[in-house]
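> My questions concern the predicted model and sequence given below.
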Amino acid sequence: MPKLYSRLIVFLLLICGVALAEGTRTWEQTKYDEFEKGTAKGVAIRSEGALELAPAFQPVYTTPSTYIWCIAADGQGNVYAAAGAPARVYRVTPQGQATIIFQPQELQVQSLLVDPSGTVYAATSPDGKVYKIEHHPASGEKAKNALEKTRAEVDPDWTASVFFDPKTKYIWDLAEDGQGRLYVATGDRGEIFRVEKNGEHSLFFKSDEAHIRVLAFDHQGNLIAGSDGSGLVYRISPAGDGFVLYSAPKKEITALAIDKEGNIYAAGVGEKRALNAPPVQAAVITGIALAGAAPPVGQVAAPQPIVPMIPFPALGATGGSEIYQIAPDGSPRRLWSSRDDVVYSLTFDQRGRLLAGTGNKGHVYQIQNPGDFTDLVKASATQVTALVPAPNGGVYAATSNLGKLFLLGAAPDTEGTYESDVYDARIFSRWGRAEVRGSGAFDIFARSGNVDNPDRNWSPWTKIDFAAGGELNVPPARFVQWKAVMKPGNPTATVDSVLVNYLPKNVAPVIDDVYVQTGARFQAVPKPAVENVNVGAGAAQPVFSVNVPAVRDRDSVAVRWTAHDDNDDELTYSIYYRGDGEQQWKLLKNDLSDKYYSFDASLLPDGGYALKVVASDAPSHSPDEALSSWRESSRFEIDTTPPQVQNLNAAAENNTLHITFRAVDGFSPIKRAEYSIDAGDWQYVEPVGRLSDYRVENYDFYIPMPGQAKTEVASAAPAADPAAKRAKRAGADPPPVQEHVVVVRAYDRFDNMGSAKFVVRR
């Protein structure tokens, strides 16, 4: 049990933080989570923690629309984009020349596909339809008039007609089988319709889910469908018989892809909730503006008319996302997961590797095996909502917020740069050598500065010459950053880790405050043995710090202090004291590692004092490098000597006792006094003048004689008793002698108590 307790303490200390070792320290980046904090341009980040050149990622066209929900490419490499805000279908040539070929009355174009003949089918929402868009070149006067129109007008070479009206709220996806028949996935009723080439249609499949979100065909001609509600993946035979292949842990299936071996890949997002619950998040479409979303930076939101609420697929989903692989035999496994990214689209590159377009940081991931992925590129938009293969082995990527079209190339970029995140050494430091593990053609640069924003007058980027030792050659400063510039070659350029050595300037520790409490002490706390633990390069053993409460003890003095060291050095403490009127500090205790101490108050004579706590970082530095600082406490007083009760006298006067005494203390004022007669209850008594505020107080008071009826106490001595005189003259025996014990006690301001007694006989 002690060993287990010791290990538990070590674990708690490690997760709370460790004290760094003295001397040279290191900053290393080698893990994915560390590289992910930097800025990559043309550089991909592998999940095992390495940088490499990414495929070329070039912008093709920026649309006037805010969202692009779906894209498709024809045999000539032209891309067709289904967009919203405003709702349009764009046709973009491989050279980036774009035209509008369709602009519906509905609020968005949700999905489209292009058949082998070049005919475009586009689905709109809400209460939308499937339109058939065909190319019919204009000629003569019509073509001349078209050239005179603005670029925002629909290209007259294209005509659109309603091909199918499902009479339902939403149309989410379209797919085409080998016979040229169209399949339409809809919501609110979770229906899939099949539409023949001539426009005749029928209900192909009815689900108990609210929405059928995505469609794809497997190699056997079965339709694969993903739902929103319970996150189901269906396999539907050509006859319309459905079978649930997989019930995902997520609420919504947002994308499907099927590889050459017949493996099905499905992306799931959102937390599951009750069946037929409302869609993930609503958005208002005019321009389009997401409900509750802020306008882009630098733009002012225009007034928006009231329009129907439209559910946007996966936008606003919580709980992250996952990608599942369903093998041809039906066995599923989770391939990839993220707590932050939401998967919108799946496709394959020319080598058959799975690509995932995500938001809300605009990343495209390449996924191979569980835990094995590469963060390929980051788009200059919030969501990568659609991916589709392009000619020559590339992949077209469409984005939303803003609606853009990119081409992800099949070959690595000609050059890539990666800038690390800014490292804060927290104090002014001297930067030494860099140690880099990698291969291929790359250069490492560094720069430093004393503000956290590198754009605010940092030093220029300086190339690190590893042949000359790898010195950073940047000015000493608090912050540093490195950059990798990678180029193609053989072997492939990769950077596995970058480690920077640095030496912080030693600064003195700081005592933040000192607290002194008289009449208290700290109880001894046993410290568990800390085993040797490897806490990483540049780190020392954990510093054990316990907040020990003080307990009441009137004979002790407790002192506690707070301190910090910007170097995270190990500190030792010394305590000194000095009395009122004294010039020199005297050592009370040294070599303390705890930030508290208590001592016997009687070690110091009564009087006023101050304590000084000195902190030193000597354990972490050589003697000529060690620094210290101190802080003085507020003045406090010690009084352990009780007051004296002097000249106590008690005399019987008639039916009263006349009691007098003096209370004297050598340091502090008399706080209060009490008396007791014959071991009776203690009774408070006031001094002469009633105000108790001095080191000497006199007391003079009368009380009723014990055993007598209470009478009012006279301020002067009572007269002689006439009855006693008559008895004496008559020769009667005197009454028996009565004896009473008077005890008084006095307290000073520190509750020290002195007492005395007096015996009264009468």
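Happy to help now that I have it.
> my guess is Trp461 contacts Arg447, does it?
Yes - under the criterion of CB atoms under 8 Å, Trp461 makes contact with Arg447 at 5.1 Å. Glycine gets a C-beta too; all of them are placed from N, C-alpha and C.
> Give me the more crowded residue out of those two.
Arg447 (21 against 15; other CB atoms under 10 Å).
> ok, the more buried one - contacts?
By CB atoms under 8 Å, 6 or more residues apart in numbering, the contact set of Arg447 is Pro454, Trp458, Ser459, Pro460, Trp461, Thr462, Val474, Val480, Gln481, Lys483.
> mind checking the backbone torsions on the third one?
It refers to Ser459. Main-chain torsions, Ser459, degrees, to the nearest 10: phi -70, psi 160.
> Which helix or strand contains the spatially closest residue to Asn752 that is not a sequence neighbour?
Leaving out its chain neighbours, the residue that sits closest to Asn752 by CB to CB, 6 or more residues apart in numbering is Pro642, at 4.0 Å. Pro642 belongs to no helix or strand when elements are defined using DSSP states H and E.
> confidence score at Pro642?
Looking at Pro642, its pLDDT stands at 94.
> And for it, the neighbour number?
What Pro642 shows, counting by other CB under 10 Å, is a neighbour count of 18.
> So it versus Asp748, what's the distance?
7 Å (CB to CB, to the nearest Å).
> Find the residues that touch each one of those two.
Asp665.
> same for the longest strand along the chain, what does it pack against?
In the chain, ranked by residue count with DSSP state E as the criterion, the top strand is strand 423-439. Packing partners of strand 423-439 (3 or more CB pairs under 8 Å, 6 or more residues apart in numbering; DSSP states H and E): strand 25-29, strand 441-449, strand 477-487, strand 494-504.
> Switch those strands over to TSV; also include mean pLDDT and distance to Ile224.
Shown next, in TSV, are those (pLDDT from 0 to 100; distance: least, CB to CB, whole Å):
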stretch	mean pLDDT	distance to Ile224
strand 25-29	95	41
strand 441-449	97	43
strand 477-487	97	39
strand 494-504	96	37
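> Any chance of these in a markdown table with distance to Tyr324 as columns?
Listed next are those as a markdown table, based on distance: least, CB to CB, whole Å:
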| stretch | distance to Tyr324 |
| --- | --- |
| strand 25-29 | 32 |
| strand 441-449 | 36 |
| strand 477-487 | 33 |
| strand 494-504 | 30 |
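> between these, which one is nearest to Lys378?
Lys378 lies closest, by CB to CB, to one member of the helices and strands packed on strand 423-439: strand 477-487, at 15.9 Å.
> just how off-centre is the closest one within its chain?
In terms of CA atoms, centre = their mean, to the nearest Å, the centre of strand 477-487 is set 25 Å apart from its chain centre.
> List the neighbouring strands of it plus their orientation.
The strands that strand 477-487 pairs with in its sheet are strand 416-419 (antiparallel), strand 423-439 (antiparallel), strand 441-449 (antiparallel) (by DSSP bridges).
> quick check: angle from it to strand 25-29?
Angle of strand 477-487 versus strand 25-29, following axes from the mean of the first three to the mean of the last three CA atoms, to 10 degrees, is 40 degrees.
> Which positions in strand 477-487 come out as buried?
Going by neighbour count (16 or more other CB atoms under 10 Å), the buried part of strand 477-487 is Ala477, Arg478, Phe479, Val480, Gln481, Trp482, Lys483, Ala484, Val485, Met486.
> Now the first one: closest residue in space that isn't a chain neighbour?
Computed as CB to CB, 6+ apart, the closest residue to Ala477 that is not its neighbour in sequence is Ser448, at 4.0 Å.
> for Gly470, same thing?
Counting by CB to CB, 6+ apart, the residue nearest Gly470 is Arg433, at 4.5 Å.
> Find me the pLDDT at that neighbour, would you?
Among the per-residue scores, Arg433 holds a pLDDT of 97.
> neighbours of it, just the number please.
15.
> And the strands in the stretch 651-762 of the chain?
For the stretch 651-762 of the chain, applying DSSP state E, counting those that start in this stretch gives strands covering 656-664, 670-677, 683-685, 696-704, 739-748, 753-761.
> Could you check these and tell me which one is nearest Ser629?
Shortest separation from Ser629 across the strands of the stretch 651-762 of the chain is recorded for strand 739-748, at 36.8 Å, computed as CB to CB.
> before we move on, the earlier item: is it possible to get TSV of the strands paired with strand 477-487 that adds distance to Arg552?
Formatted as TSV, these follow (distance: least, CB to CB, whole Å):
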stretch	distance to Arg552
strand 416-419	59
strand 423-439	40
strand 441-449	53
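> nearest to Lys595, of those strands?
So among the strands paired with strand 477-487, strand 423-439 is nearest, using CB to CB, at 20.9 Å.
> Give the burial count for Phe453, as a bare number.
Rather than Phe, residue 453 is Asn. 10.
> How about Gly409?
By other CB under 10 Å, the residues close to Gly409 number 18.
> List the residues that contact it.
Contacts of Gly409 by CB under 8 Å, 6+ apart are Pro55, Ala56, Phe57, Gln58, Gly394.
> Give me the subset of the residues you listed lying in strands.
With strands defined by DSSP E, the entries of the contacts of Gly409 inside them are Pro55, Ala56, Phe57, Gln58.
> which regions of the stretch 251-400 of the chain sit below the pLDDT cut-off?
273-319 (pLDDT under 70).
> how does it look with 50?
Flagging of the stretch 251-400 of the chain using pLDDT under 50 yields the residue ranges 275-311, 316.
> same deal with the stretch 101-250 of the chain?
140, 143-144, 146-151.
> ok so, going back, could you give the angle of the longest strand of the chain to strand 494-504?
140 degrees.
> any idea how far strand 423-439 is from the chain center?
With CA atoms, centre = their mean, you get 25 Å for strand 423-439.
> List the buried residues in that strand.
Tyr423, Ala425, Ser429, Arg430, Trp431, Gly432, Ala434, Val436, Gly438.
> TSV please, covering those and showing distance to Ala81.
Shown next, in TSV, are those (distance: CB to CB, whole Å):
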residue	distance to Ala81
Tyr423	41
Ala425	48
Ser429	51
Arg430	54
Trp431	48
Gly432	52
Ala434	45
Val436	42
Gly438	39
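> Of those, which is the nearest to Ser556?
Closest to Ser556, out of all of the buried residues of strand 423-439 and judged by CB to CB, is Ala425, at 42.4 Å.
> For Arg554, give me its contacts.
Arg554 neighbours (CB under 8 Å, 6+ apart): Gly519, Phe750, Asp751.
> scratch that, Leu354
Leu354 is in contact with Ala257, Asp259, Tyr265, Ile323, Leu335, Leu346, Thr347, Phe348, Gln366, Ile367, Gln368, counting by CB under 8 Å, 6+ apart.
> please redo it, this time with the cut-off set to 7 Å
Residues in contact with Leu354 (CB atoms under 7 Å, 6 or more residues apart in numbering) are Ala257, Tyr265, Leu346, Phe348, Ile367.
> Now do the domain split for this structure, please.
As assigned by automatic domain parsing, the chain contains the domains 31-54+415-504, 63-297+308-331+393-409, 510-527+543-638, 644-761.
> for the longest one, how far is the first residue from the last?
Which is domain 63-297+308-331+393-409. Taking CA to CA, to the nearest Å, domain 63-297+308-331+393-409 runs 21 Å from one end to the other.
> now stretch 748-762
Start and end residues of stretch 748-762 are separated by 33 Å (CA to CA).
> which of the buried residues of strand 477-487 lies closest to Tyr246?
Closest approach between the buried residues of strand 477-487 and Tyr246, by CB to CB: Met486, at 39.6 Å.
> in the sheet, who's paired with that closest one?
Gly416, Phe442.
> residues touching it, list them.
If you count contacts by CB under 7 Å, 6+ apart, Met486 has them with Val43, Leu51, Leu53, Gly416, Phe442, Ala493.
> at 8 Å instead, please
Counting by CB under 8 Å, 6+ apart, Met486 touches 42-43, 51-53, 415-418, 440-442, 493, 495.
> Distance of it relative to Pro64?
Met486 is 35 Å from Pro64, where distance means CB to CB.
> which residues does the closest residue to Trp682 other than its chain neighbours form a beta bridge with?
Distances taken as CB to CB, 6+ apart place Glu674 nearest to Trp682, at 4.4 Å, with adjacent residues excluded. Per DSSP bridges, the residues bridged to Glu674 are Tyr684, Arg745.
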